[in-house]
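Asks: any chance you can model this:
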Amino acid sequence: MNLNNQVAIVTGGGQGLGQQIALRLAQEGSTLIIADINEKGSWETAEMIAKRGNGKAKVIPTDITYENQVAELIKGTLEIGNRIDILVNNSGIMGPVKNIEDIFLEEWEATMKVNLRGMFLCCKHAIPVMKKQEKGSIINIASITGKRPLTQRTPYATTKMGVIGLTRTLAAEVGKWKIRVNAICPGALIGRRIDLVIEGIMKYSGKSREQVIAERTEAAALKTFVDPKYVASVVAFLCSEEAAMITGQDINVCAGTVMY
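Replies: Here you go, the predicted structure:
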């Protein structure tokens, strides 16, 4: 997968899955724009890329829920090479772990704001650039929760189902400009977020950590959580010429937890 001379934006690239995606795209030769509210983590990602010596990185601190900041992100990216080849919409939050009647309106709106509005804004401002180029690849990070219910996680599930709808609709809308739009649906990823989810379930259910982990991994055919590096590998593939005929798809990377 040769991504040399590609300019790639990764939102939420300062931590977790976003950091792994940024590192993998840099490994394949891309110039990375790290867009995150976590400025410290963003610089750490950029430093890791520099130390590995196989890519370049620029940090543009961005809160994707504000349109003016997204516009500045696009403007700053164009200063690199006057193009945007790849947009990875990775930023997202887990939202509350509660029954719906216990969810505060502010919690619902905060989840919608980051997981859907931010993705919409990034697509809105990046797509005109890609149309002028008549080429581009957009990867939206959804979730297997975008394909099935997840109790006590109503706001999160709603946003991830929305991500899949956004992906399919955009793919149909911008395909004539040779812009491809795909979604990746990870299962439970090893890292800080799954730890927070487990803690939330423990608090809500009264179950032990071991019980919660056993229940979650038992649902996967491979009986394991997913290492984020495997999601990053699929991102790199979808951005490459090898995936030139793939668009409008939602691809599971979930150890077989969901098979549709």
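Asks: which SSE is immediately downstream of the helix or strand that Lys229 is a member of?
Replies: When elements are assigned from DSSP states H and E, Lys229 belongs to helix 228-239. Past helix 228-239, further along toward the C-terminus, the next helix or strand under DSSP H and E is strand 250-253.
Asks: ok, Met48 - contacts?
Replies: Residues near Met48 by Cβ atoms under 8 Å, 6 or more residues apart in numbering: Gln19, Leu23. Backbone N, C-alpha and C define where each C-beta goes, glycine included.
Asks: now the helix holding Lys229: average pLDDT?
Replies: pLDDT averaged over helix 228-239 equals 98, rounded to a whole number.
Asks: stretch 152-170 now?
Replies: Taken as a whole, stretch 152-170 carries a mean pLDDT of 97.
Asks: what's it in contact with?
Replies: By Cβ under 8 Å, 6+ apart, the list of residues contacting stretch 152-170 from outside reads 92, 94-100, 103, 107-108, 111-112, 115-116, 119-120, 123, 127, 138, 140-143, 145-147, 149-150, 181-183, 185, 201, 204, 248, 250.
Asks: which of the residues you listed are buried?
Replies: When burial is judged by neighbour count using 16 or more other Cβ atoms under 10 Å, the buried members of those are 92, 94-98, 103, 108, 111-112, 115-116, 119-120, 123, 127, 138, 140-143, 145-147, 181-183, 185, 201, 248, 250.
Asks: so which of these sit within strands?
Replies: Using DSSP state E, Ile138, Asn140, Ile141, Val181, Asn182, Ala183, Cys185, Asp250 are the members of these that sit in strands.
Asks: I'd like the next helix or strand past the lowest-mean-pLDDT helix or strand in the chain.
Replies: Averaged element by element with mean pLDDT, DSSP states H and E, the chain has its least confident helix or strand at helix 192-205 (a mean of 81). Downstream of helix 192-205, the next assigned helix or strand under DSSP H and E is helix 209-218.
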